[in-house]
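# Sharing a model prediction with you, sequence too.
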Amino acid sequence: MSKASIESLDRHIGLQVREARLRNRLTIADVAHLAELSPGMLSKIENGQATASLDSLVRIANALGVTLGALFKGYGAPGGAARLVKAGEGMEVVRRGTAKGHTYHLLSYDQGPRKRFEPFLISMDDASEVFPTFEHDGTEFIHMLAGRLEYRHGDATYLLEPGDSLTFDGTVPHGPERILEVPIRFLTVIVYETPAPE
């Protein structure tokens, strides 16, 4: 390990020791006594200023009532792979109905060859539109943000108003039936049971 890696590990272990000690409402003197270490050495370990031997770490863990592994918890975990899409920056995509008052913004996307889910922010502003019918694999979830509309799924029609949610099987024909109040905005997430090809 490089010097920087060792120092990083020392800081990480020190933080875990301090957090466990404070959780148990113990003083440095209490833990030092139980672990058979000097308070000064324990303080240096907590502050990442000293590298503790394996034997010392075992005694500290026992004094704190935690496993040795708990002192290493989270160290070296890979960085997050989250994708942030700022307001108004979702990629606009073309789908059936786009030319007639629909706007689809894809809010996230899978980078691999197959999609596990697709989240869209959909806006509609044309009250006289004829709507396409959709059918696709997976389960779809809709959450209404603004406006009012009737949404068809199979033979049933549902009134959707702000705050309402609707979940359904995407293989059954579905889509907006009638706009009642514009502008309309809703979030829809399609989750695929098996990843869909790109």
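Looks like it came in fine. What you are looking at is a predicted structure, and each value in this text was computed from that prediction instead of being measured. Numbers count the residues shown, from 1 in each chain.

# Can you get me the centre-to-centre distance for the longest strand along the chain and its chain?
Among the segments of the chain that qualify as a strand by DSSP state E, the longest is strand 174-197. Centroid separation for strand 174-197 versus its chain: 21 Å, with Cα atoms, centre = their mean, to the nearest Å.

# Identify each buried residue in that strand, please.
The neighbour-count check on strand 174-197 (16 or more other Cβ atoms under 10 Å) flags 174, 176-177, 179, 182, 184-192, 196 as buried. (Glycine included, C-beta is placed from N, CA and C.)

# what packs against that strand?
Helices and strands touching strand 174-197, by 3 or more Cβ pairs under 8 Å, 6 or more residues apart in numbering; DSSP states H and E, are strand 114-124, strand 139-153, strand 156-160.

# Which residue ranges make up each domain of the protein?
What automatic domain parsing lists as the domains of the chain is 3-71, 91-197.

# Any buried residues in the longest helix anywhere in the chain, and which?
Secondary structure of the chain per DSSP state H: the longest helix is helix 3-23. For helix 3-23, a neighbour-count test (16+ other Cβ under 10 Å) marks L9, D10, H12, I13, G14, L15, Q16, V17, R18, A20, R21 as buried.

# Which pLDDT value goes with the fourth one?
Right, the one you point to is I13. Turning to I13, the model gives it a pLDDT of 90.

# what's the answer for the one 5 residues further on, then?
Among the per-residue scores, R18 shows a pLDDT of 90.

# State the distance from the residue nearest to it when sequence neighbours are not counted to H143.
Nearest residue to R18 in three dimensions, chain neighbours excluded: E46, at 4.6 Å (Cβ to Cβ, 6 or more residues apart in numbering). Going from E46 to H143 by Cβ to Cβ, to the nearest Å gives 46 Å.

# Give me the more crowded residue out of those two.
Shown here are E46 and H143; by other Cβ atoms under 10 Å, E46 has more neighbours (22 against 16).
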